[in-house]
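K.L.:
pasted the sequence and its predicted model underneath.
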Amino acid sequence: MKTAKRRRRLGTLFFFIPIVLIVAVIAYAVVTGTASPVGTLIVTAQSSARYSASVTLEPQVTVGTQRETAPHTFSLDQGTYTVVYSSLTWYTTPPQRVINVTAGKTSYAVGVYDPTVETVSISGNRFSASQLGAMHGVTPVVWVNKMTEPTIIFVGSNAGVEVQPSQNLTYVFRSTGSFVISLSSSNSTSMSVFVV
């Protein structure tokens, strides 16, 4: 008789232990979820390394209703946010990013700014532009040879570079100043690049 009662009690105990554990796990999840509804979003911006070394940039960024200068760490309620990067002179603006922020966790958004490329065509021993502006260390200037014969391009006082038909020369100016660009032909025109 006592053994049967003991077995019933043990059976009841083994039945309720899993239920108590499940309820405890659910209660813990609810308490921790409501106790820490805030997540972190770290927003940074940098230039691409396509033409020169990547550097950290400081554009304005908008996340939800907050507008700050990158790099910046946002504390946000759990949810989905759109990160909008502002435009910067000499760069193309990165697209908006949609980021999910989870309570108690850190999310990241990196905006990569490509430099604006200045392209100049060469045809008939002439440049398609007589002058243009560039940012030193940032703006790639691309001269495209659209002639049927090779040409030599002189950038300032540097030695000339031969460019075959349909090929190009890409150059990033490393210092400020005004530079004269010329071709090897005696009847060619020159152009100026003003670098800031």
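P.N.:
Now that the structure is in, tell me what you want to look at.

K.L.:
outline the domain layout of the chain.
P.N.:
Domain assignment for the chain, taken from automatic domain parsing, gives 38-114, 118-195.

K.L.:
could the ones you listed go into JSON lines alongside mean neighbour count, distance to residue 22 and mean pLDDT?
P.N.:
Just so you know, the C-beta spots here come from the backbone N, C-alpha and C atoms, and that holds for glycine as well. Putting the domains of the chain into JSON lines (neighbours: other CB atoms under 10 Å; distance: least, CB to CB, whole Å; pLDDT from 0 to 100) gives the following:
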{"stretch": "domain 38-114", "mean neighbour count": "16", "distance to residue 22": "22", "mean pLDDT": "96"}
{"stretch": "domain 118-195", "mean neighbour count": "15", "distance to residue 22": "59", "mean pLDDT": "92"}
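
K.L.:
tell me, what residue is most central in the chain?
P.N.:
The C-alpha lying nearest the average C-alpha coordinate of the chain belongs to residue 112 (CA atoms, centre = their mean; 1.5 Å).

K.L.:
show me what contacts the residue nearest to residue 40 when sequence neighbours are not counted?
P.N.:
Among residues not flanking residue 40 along the chain, residue 106 sits closest, at 4.3 Å (CB to CB, 6 or more residues apart in numbering). Counting by CB atoms under 8 Å, 6 or more residues apart in numbering, residue 106 touches 39, 40, 41, 42.

K.L.:
could you say which helix or strand contains the residue nearest to the centre of the chain?
P.N.:
Using DSSP states H and E, the element containing residue 112 is strand 106-115.

K.L.:
again with residue 22
P.N.:
Residue 22 belongs to helix 2-35 when assigned by DSSP H and E.

K.L.:
beta partners for the closest residue to residue 105 other than its chain neighbours?
P.N.:
In this structure, residue 105 finds its nearest non-sequential neighbour in residue 39, 5.3 Å apart by CB to CB, 6+ apart. Counting by DSSP bridges, residue 39 is bridged to residue 76.

K.L.:
so how far is residue 73 from residue 39?
P.N.:
Distance of residue 39 to residue 73, computed by CB to CB, to the nearest Å: 11 Å.

K.L.:
what does residue 63 give?
P.N.:
11 Å.

K.L.:
need the residues touching each of those two.
P.N.:
Common contacts of residue 63 and residue 73, defined by CB under 8 Å, 6+ apart, comprise 41, 43.

K.L.:
show me what contacts residue 162?
P.N.:
Going by CB under 8 Å, 6+ apart, the list of residues near residue 162 reads 150, 151, 152.

K.L.:
so it: helix, strand or coil?
P.N.:
Here residue 162 is recorded as strand under DSSP: H, G, I helix; E, B strand; the rest coil.
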